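Asker: Here is the input, now give the coordinates:
(one chain, ligands or ions: 1)
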Amino acid sequence: MCGIIGISSNKPVSANIISSLKKLEYRGYDSAGIATLFEGEIKEVKSEGRVDTLEQNFDLKNLKGNIGIGHVRWATHGVPNSVNAHPHSSHNVSVVHNGIIENSTILKKYLATKGHIFKSQTDTEVIVYLITENLKTDELEEAITKTLKQLHGSFALGIVFKDIPDLIVGARRGSPLAVGYGPNENYLGSDSYALKSMTNKITYLDDGEFCIIKKDQVLFFNEDGKKINKKILELSSDEASYEKGDFKHFMAKEIEEQPNTIETGIKEYIDKTNSEINIYNFPWNINEINSITLIGCGTAYHSCLMAKYWFEELTQIDISIDIASEFRYRKNRFKKDNLYIFVSQSGETADTYAALDLCKKNNMKTCAVVNVIESSIARDANFVLPIHCGPEIGVASTKAFLGQILILYILALKLGSLRNEINQETFKDKIKDLQNLPSLIEKSLLIDNDIQAISSTFNEAKGSMFLGRGFSYPIALEGALKLKELSYVHAEGYPAGEMKHGPLALIEDGMPVVVLAPRDSYYKKTISNMQEVIARGAKVLLITNKSKDEIVSENIWETIEVENTNDDLLPFLLTIPLQKLAYYSALKKGYDIDKPRNLAKSVTVE
Ligand code: M6R
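Answerer: Below you'll find the predicted structure:
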């Protein structure tokens, strides 16, 4: 999951490559590099660290050339350093690559027998030498077709050639790649976001395809090297959503945007006048669906878990959930009456995409709950439910989580109603409650002072635990993931009732434990579990909802109260303090909040 950019123009390209690379840093940021073609030579610069470091290390303004490729890396093969940074070049060919070449070890042996000496530890260098070899005997298009057939695994590639200096080749298998069209120049990019400041005219490559990009022409080919035609899409312009505005970090902005995320989701899916849910063009007869499997990774997986509780509450449908990286390799029993729902913010997560692909190959019914509607998952699923929350730039998912669970909740309500599994009065009440949710989230956001004070304790501790039961359990997992992802402190999410089966042994004097205990049907049970950890020395941060009833427990370290609503909707409100806790913990530590170490926003490798 690296970022790729390529520009073929009638003017110097380095400045635009640099600004696009900065946009692509959400895909990886451990090293960066650029190669341009100038006066019959490949000029290559690369360094460890961010694009800023590359700019500090080299005089990039004077990097000449009207054709160039650039890369930001998230290391898979070989440590992040300047040697392993992309591009990788031979005397004639320079390549940037996103993905993994699975047969690189075998190919390395073969290429060594041809006299190639490998400089890096990457799998990418085999692509450089394979193309170099194939160009000795074949014309460009044949050489590319042949090379792509020799590669196993996933890739998106950008390639320039010293001896064919007027073009860039792009190729895709498994990793996303887009082509953009501008005045007297054309582009290649990992996604439309990287190209948006230059163009809103985009074509997405499909798996197996490659393209040749010149400043005034773009040609597309299928995996057998035959020319094909592809559609040009016009994207809407929403540049402002890509700016931080007055916020210090994208994450802070995205947390505060959540009332709007929910408001938009409601506007898209709820008919307020008739208290009805609009899900148009649902392609299946609802009675043909007897079970649902929800699949995702990371935060999106937590959304699936959340949805399981709601579907079980509101429908009689059998629900299972799965982590995409597990699902894709298991011996699944595919059933015709099962609906497979893929949840993903980016719509490009390699494991989730592979799980979707597997279902499609088995002719299953597939539905995508995604944010990026131009993404591979959105394009390939039978049916798409967009979450409409706008670009999410911070690596830690916040507003997309609320957006995902909102749409999944709405879907559960709709299916329950269509199948007559909830009565119409309850259905209408729940829709009414939903409409108050944006303002309740807005009020629940006003907790910064309390959370800031609490966050130091989490930073100073060896580790922490996040506990919840029922609807609060997925939120506990999400809270723990946010804290470890941003603050690099150990945090575990657990079902509160499971503590006594082992994890209780971890509790020691002063250990911070977050207990999610809203006044729902699990409340009393959770409070008992909370008492068990307090008795063993835990410092409990209790997160509950406002109520006139007293909390029946002593020795609670801190309490945060979110607004009150019906039990179904409390998970939305409980999430807010946990997002803020992770944010302020990382802020106090001075960590890079929008780009935590070792991670990337879009995980396009498995
Ligand atoms: O784009 P996706 O929703 O498919 O991404 C899935 C996970 O990689 C993502 O949610 C990840 O866990 C987040 N960084 C968590 O904050």
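
Asker: Tell me if the least confident helix or strand in the chain by mean pLDDT is near the ligand.
Answerer: Of all the helices and strands that make up the chain, the one with the lowest confidence by mean pLDDT, DSSP states H and E is helix 192-195; it has a mean of 81. No. Using Cβ under 6 Å from any ligand atom, helix 192-195 stays clear of the ligand, with a minimum separation of 13.1 Å. Bear in mind the C-beta positions are built from the backbone N, C-alpha and C, glycine included.

Asker: Pull up the pairing partners for the helix or strand that comes right after that helix, direction included.
Answerer: The first helix or strand that comes after helix 192-195 along the chain, using DSSP states H and E, is strand 201-204. Each strand that strand 201-204 pairs with, and the sense of that pairing, follows from DSSP bridges: strand 178-182 (antiparallel), strand 233-234 (antiparallel).

Asker: now these in a markdown table, with distance to S439 and mean neighbour count?
Answerer: Output for the strands paired with strand 201-204, formatted as a markdown table (distance: least, Cβ to Cβ, whole Å; neighbours: other Cβ atoms under 10 Å):
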| stretch | distance to S439 | mean neighbour count |
| --- | --- | --- |
| strand 178-182 | 38 | 22 |
| strand 233-234 | 36 | 11 |
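
Asker: mind putting these in a markdown table, distance to the ligand and mean pLDDT included?
Answerer: A markdown table is the format used below for the strands paired with strand 201-204 (distance: least, Cβ to the nearest ligand atom, whole Å; pLDDT from 0 to 100):
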| stretch | distance to the ligand | mean pLDDT |
| --- | --- | --- |
| strand 178-182 | 17 | 95 |
| strand 233-234 | 21 | 84 |
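
Asker: L358 and E326 touch, don't they?
Answerer: No. The criterion here is Cβ atoms under 8 Å, and L358 misses it with E326 at 12.0 Å.

Asker: and these two? which has more neighbours close in?
Answerer: Between L358 and E326, counted using other Cβ atoms under 10 Å, the more crowded position is L358 (19 against 13).

Asker: Any idea how many residues pack against the spatially closest residue to T575 that is not a sequence neighbour?
Answerer: Once flanking residues are discounted, T575 sits nearest to I475: 5.5 Å by Cβ to Cβ, 6 or more residues apart in numbering. Other residues within reach of I475, judged by other Cβ under 10 Å, total 28.

Asker: For E39, give me its contacts.
Answerer: When contacts are counted by Cβ atoms under 8 Å, 6 or more residues apart in numbering, E39 touches K64.

Asker: Tell me, what's the model's pLDDT at it?
Answerer: Among the per-residue scores, E39 shows a pLDDT of 91.

Asker: swap in the one 4 residues further on?
Answerer: The per-residue pLDDT reported for K43 equals 94.

Asker: ok, now which ones touch D191?
Answerer: Each residue near D191 by Cβ under 8 Å, 6+ apart is listed here: 24, 176, 178, 348, 372, 374, 602.

Asker: ugh, wrong one, I5
Answerer: I5 sits next to 17, 20-21, 24, 69-71, 158, 187-190, 194-195 when contact means Cβ under 8 Å, 6+ apart.

Asker: give me the beta-bridge partners of it?
Answerer: Residues found in beta-bridge contact with I5 (criterion: DSSP bridges) are G70, G189.

Asker: From A32, how far off is it?
Answerer: Distance, I5 to A32, by Cβ to Cβ, to the nearest Å: 11 Å.

Asker: from what I can see the residue nearest to T575 touches P571, true?
Answerer: Yes. In this structure, I475 is within contact of P571 by Cβ under 8 Å, at 5.1 Å.

Asker: Find the residues that touch each one of those two.
Answerer: Common contact partners of I475 and P571 (Cβ under 8 Å, 6+ apart): M306.

Asker: from the chain, which residue is nearest to the ligand?
Answerer: G298 (1.9 Å; Cβ to the nearest ligand atom).

Asker: Assess the claim that that residue and S397 are in contact.
Answerer: Yes. Under the criterion of Cβ under 8 Å, G298 makes contact with S397 at 7.1 Å.

Asker: Mind checking which of the contacts of D191 are in strands?
Answerer: Cross-referencing these against strands under DSSP state E gives A178.

Asker: Between which two of the contacts of D191 is the distance greatest?
Answerer: Between all members of those, the longest pairwise span (Cβ to Cβ) is found for L24 and E374 and amounts to 15.7 Å.

Asker: Neighbour count: those two, which is higher?
Answerer: Regarding L24 and E374, a neighbour count based on other Cβ under 10 Å identifies L24 as having more, with 29 against 18.

Asker: What separation is there between that one and I321?
Answerer: Relative to I321, L24 is positioned 31 Å away (Cβ to Cβ).

Asker: thinking again about what came up before, mind checking which of G298 and S397 has more residues around it?
Answerer: S397 (27 against 22).

Asker: ok, now which ones touch that one?
Answerer: 298-300, 345.

Asker: what about N332, neighbour count?
Answerer: With neighbours defined by other Cβ under 10 Å, the count for N332 comes to 17.

Asker: should've said I255
Answerer: Other residues near I255 number 22, with proximity taken as other Cβ under 10 Å.

Asker: Ramachandran coordinates for S154?
Answerer: Note on S154: backbone dihedrals following degrees, to the nearest 10 are phi -120, psi 150.

Asker: Just give the closest residue to it, not the sequence neighbours.
Answerer: Ranked by Cβ to Cβ, 6+ apart and with sequence neighbours excluded, the top spatial neighbour of S154 is G174, at 2.9 Å.

Asker: Tell me what the one you found is bridged to.
Answerer: Beta bridges link G174 to F155, judged by DSSP bridges.

Asker: F210 too?
Answerer: F210 forms beta bridges with A171, F221, as assigned by DSSP bridges.

Asker: Could you double-check that it lies in contact with L167?
Answerer: No. F210 sits out of contact with L167 when judged by Cβ under 8 Å, with a separation of 11.8 Å.
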